[in-house]
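1. Test case, fold it:
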Amino acid sequence: MRNILAIADKELRSYFASPIAYIIIGLFALLFGWFFFVYLSVFVQRSSQAMMGGGAPNINQDMIRGVFLNSAVIILFVMPMITMRTYSEEKRSGTIELLLTSPVTDFQIIMGKFLGALGLYAAMLLVTMLYIGVLFVYGNPEWRPIATGYLGLLLMGGCFLSVGLFISSVTKNQIVAGFLTFAVFLMLWVINWMADQSGPVMGAVLKYLSITDHFDDFARGIVDTKHVIYYVTFITFGLFLTAKSVDMERWRG
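-> Sure, this is the predicted structure:
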């Protein structure tokens, strides 16, 4: 465990040693703030209309849910920027050989890099809590659906990170890794669209594979074990593929 945390700390420090972490966090916070402002404006307008007609809207369902769903779209574009350098940079600079011959296992290397990237992603989500905090100062939202939404974002981000690690481990070019990662993310994002054009069995399979369909309940404040199992299984499979890729690199070396 000590080696994993040491590698994770090294990875996290390397992000903040360059402008990449600040650019990613700033971009994510800016876009999240834009969606927050838009949905807040609409919610205030609807609340004013409801005061005259009765039936006030629910801040969690009518505003925060929409913010979380649009935040998931931002993740689609931001995540490749985090994962594209994890292994590609090691290969480009030639330090991958030193890493693979060091007294640590492949599992420790992979988990360390994954936790380092997850730490940066968690920092991104932490910054957005400043916006949510405004609602608690001036309003009375329910905290449980908000916590559930952040849990869903964290699990979805973990899936993207595990896939991004695998893609980064098969190429030494960061740009190629970034574009391939985005292409795979986009495919996972729109796979449920193809379900509508498929048969009942294939449609059900494609809908289950859709990474966005599993997030919708989290955005509504519902924790369903089948969605948690899906995300955990997805992360495990992505890290397994990364382990196989790293193992091949070790044998080639």
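
2. Would you state the strands of the stretch 151-253 of the chain in chain order?
-> Using DSSP state E, counting those that start in this stretch, no strands are found in the stretch 151-253 of the chain.

3. okay, the closest residue to L188 other than its chain neighbours: pLDDT?
-> Leaving aside its sequence neighbours, L188 sits nearest to I211 (Cβ to Cβ, 6 or more residues apart in numbering; 4.6 Å). C-beta coordinates here come from the backbone N, C-alpha and C atoms, glycine included. The model reports I211 with a pLDDT of 84.

4. And K91, by the same measure?
-> pLDDT recorded at K91 is 67.

5. Name the residue closest to the centre of this structure, please.
-> G157 (1.7 Å; Cα atoms, centre = their mean).

6. So what's the residue count around the residue nearest to that residue when sequence neighbours are not counted?
-> Distance criterion Cβ to Cβ, 6+ apart; nearest residue to G157, sequence neighbours excluded, is Y121 at 4.8 Å. When counting by other Cβ atoms under 10 Å, one arrives at 24 neighbours for Y121.

7. name the helices or strands packed onto the one helix or strand Y121 maps to?
-> Secondary structure from DSSP states H and E places Y121 in helix 106-138. The contact analysis (3 or more Cβ pairs under 8 Å, 6 or more residues apart in numbering; DSSP states H and E) places helix 106-138 against helix 2-16, helix 20-53, helix 65-83, helix 96-100, helix 143-168, helix 225-252.

8. Now that helix: buried residues?
-> Residues of helix 106-138 classed as buried by neighbour count (16 or more other Cβ atoms under 10 Å): 106, 108-125, 128, 131-132, 135.

9. before we move on, the earlier item: so the residue nearest to G157 touches M81, yeah?
-> No: if you go by Cβ atoms under 8 Å, Y121 and M81 don't touch, sitting 10.9 Å apart.

10. Please name the residues that touch the closest residue to R220 other than its chain neighbours.
-> Distances taken as Cβ to Cβ, 6+ apart place R65 nearest to R220, at 5.9 Å, with adjacent residues excluded. Neighbour list for R65: P145, G149, A219, R220, G221 [criterion: Cβ atoms under 8 Å, 6 or more residues apart in numbering].

11. Quick check: the gap between R65 and L126.
-> 20 Å (Cβ to Cβ, to the nearest Å).

12. Contact partners for the residue nearest to T212 when sequence neighbours are not counted?
-> Leaving aside its sequence neighbours, T212 sits nearest to W189 (Cβ to Cβ, 6+ apart; 5.9 Å). By Cβ under 8 Å, 6+ apart, the contact set of W189 is L76, S210, I211, T212.

13. quick one: which of those has the most company?
-> Each of the contacts of W189 was scored for neighbours by other Cβ under 10 Å, and I211 scores highest at 22 neighbours.

14. gap between the nearest residue to D106 once chain neighbours are set aside and T105?
-> Nearest residue to D106, sequence neighbours excluded (Cβ to Cβ, 6+ apart): V246, at 5.0 Å. Going from V246 to T105 by Cβ to Cβ gives 10 Å.

15. Comparing those two, which residue is more hemmed in?
-> When V246 and T105 are compared for neighbours, V246 comes out ahead with 23 against 12, by other Cβ under 10 Å.

16. Is it correct that that one is in contact with Q108?
-> No: counting by Cβ under 8 Å, V246 sits too far from Q108 to count as a contact (11.0 Å).

17. got the contact list for Y230?
-> Y208, H214.

18. let's see 6 Å
-> Contacts of Y230 were listed using Cβ atoms under 6 Å, 6 or more residues apart in numbering, and they are H214.

19. and what of V42?
-> By Cβ under 6 Å, 6+ apart, the contact set of V42 is empty.
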